[in-house]
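In: let me see the structure of the following:
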Amino acid sequence: MTLNLKILLPAAALLAATALAVPAQADTLANMERERALLIETMLDGGIAPAERQVRLEAGQRRLLDLERMVLRDDKLVGRNTPQVRRAFANYDLTFLVHASAEKSRTMAETWLAQLGLTTQSLMSAKRGRR
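Out: Presented below is the predicted three-dimensional model:
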């Protein structure tokens, strides 16, 4: 199989020029939400041992705390009135999970479950079934 250099070189040059022309966009809110989703997934994962879960949660909590601080200090979010930004700041306890947990002296899991309206009593009285 031979490559046609007359086609390949201009295509590579166009690809390189396009990559240089489009700056990388790092959205602090999206990054924080992605990290929070990974942390919640770790909390709910029944396939990992409790010791491993604790290690992952501690590491994820530190990363999420840094991302929460970045979002709270991000001046670009002040002028944006998108649904994502409005929803994030309207649901402070769910969005800024580490900060809200520290303010309430609870674990992240307790804070998250309480915001969803799930208590130990409601979980214990739940019945398994089909809808």
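In: tell me the buried residues in the longest helix along the chain?
Out: When the chain is scanned for its longest helix (criterion: DSSP state H), the result is helix 50-72. The neighbour-count check on helix 50-72 (16 or more other CB atoms under 10 Å) flags R53, R56, L57, G60, Q61, R63, L64, L65, L67, E68, V71 as buried. Bear in mind the C-beta positions are built from the backbone N, C-alpha and C, glycine included.
In: list the contacts for R56?
Out: Neighbouring residues of R56 by CB atoms under 8 Å, 6 or more residues apart in numbering: T42, I48.
In: re the thing from before, how far out from the middle of the chain is the longest helix of the chain?
Out: Helix 50-72 has its average C-alpha position 10 Å from the chain's average C-alpha position, going by CA atoms, centre = their mean, to the nearest Å.
In: residues contacting the helix or strand just after it, please?
Out: Sequence-wise, the next helix or strand downstream of helix 50-72 (DSSP states H and E) is helix 83-90. Helix 83-90 is touched from outside by L29, A30, E33, V71, L77, T95, with contacts defined as CB under 8 Å, 6+ apart.
In: quick one, helix 83-90 and helix 50-72 angle?
Out: Note on geometry: by axes from the mean of the first three to the mean of the last three CA atoms, to 10 degrees, helix 83-90 and helix 50-72 are set 110 degrees apart in direction.
In: what's the weakest-modelled helix or strand in the chain?
Out: helix 5-21 (a mean of 52; mean pLDDT, DSSP states H and E).
In: in the chain, where is pLDDT below threshold?
Out: Residue ranges of the chain with pLDDT under 70: 1-26.
In: kindly recompute the last result at 80.
Out: Along the chain, the model assigns pLDDT under 80 to residues 1-26, 120, 123, 128-131.
In: buried sites along stretch 78-93?
Out: Judged by neighbour count using 16+ other CB under 10 Å, the buried positions of stretch 78-93 are V85, A88.
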